[in-house]
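# show me how the following folds:
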Amino acid sequence: MSATRAGSAPEAEVHGPVTSRSPAWRTPAAIGVAVGAAALVVALHDPHQQGSYGFCPMLALTGWWCPACGGLRATHDLLHGDVAGAWGMNALWVVLAPVLVVLWVVWLVRALRGRPGPALRPWAWWGLLVLVVAFGVLRNVPALAPWLAP
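This is a model prediction of the structure:
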């Protein structure tokens, strides 16, 4: 048992809330590294070339654009600074990508400070589901296809 000086903080408080057993920052850091590596691949390998990343099963089976169709092309365009081109590929992803980046940064900073990450409330998950489904439906409406289809 270690002795502490009078007026000094206990040893656990001096070293902070991060434990050596399982640092809370490992998960957001690992996700950041994985997403960064995937983004690098998409930035270097142009998905605008036909068949470069495969195909969308929903589009192949039904002829309908899924909510994610154009997402790789939009990511490629965003990584190259072409926001208008990205918007033309997948407007929903152009809106959601920065939100996800901000949520990840908040998660990482909170983890580094030893606090739990941001938790999305159940209504937020339901809202996201409704938004994605609505986008998937609306982008297949012929009158809206010039604006929402990839």
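# give me the element the residue positioned nearest the centre of the chain is part of.
Against the mean C-alpha coordinate of the chain, by Cα atoms, centre = their mean, the closest residue is Leu100 at 4.2 Å. Under the criterion of DSSP states H and E, Leu100 resides in helix 91-112.
# count of residues packed around Pro23?
Residue crowding around Pro23 was assessed by other Cβ atoms under 10 Å; the count is 13. To be clear about C-beta, it is placed using only N, CA and C from the backbone, and glycine gets the same treatment.
# state the distance from it to Gly117.
Between Pro23 and Gly117 the distance is 13 Å, computed by Cβ to Cβ, to the nearest Å.
# try Ala143
According to Cβ to Cβ, Ala143 and Gly117 sit 41 Å apart.
# quick one, phi/psi of the closest residue in space to Arg110 that isn't next to it in sequence?
If you skip the residues right next to it in sequence, Arg110 has Gly117 as its closest partner in space, 5.3 Å away by Cβ to Cβ, 6 or more residues apart in numbering. Listed backbone geometry of Gly117 is phi -70, psi 170, with angles given as degrees, to the nearest 10.
# OK, contacts around Gly117?
28, 106-107, 110-111 (Cβ atoms under 8 Å, 6 or more residues apart in numbering).
# same thing but 10 Å
With contact taken as Cβ atoms under 10 Å, 6 or more residues apart in numbering, Gly117 is in contact with 24-25, 27-28, 103-104, 106-111.
# for Ile31, same thing?
Taking Cβ under 10 Å, 6+ apart as the criterion, Ile31 is in contact with 104, 107-108.
# ranges for the helices of this protein?
Along the chain, the segments classed as helices by DSSP state H run 11-15, 26-44, 57-62, 71-79, 83-89, 91-112, 122-138, 145-148.
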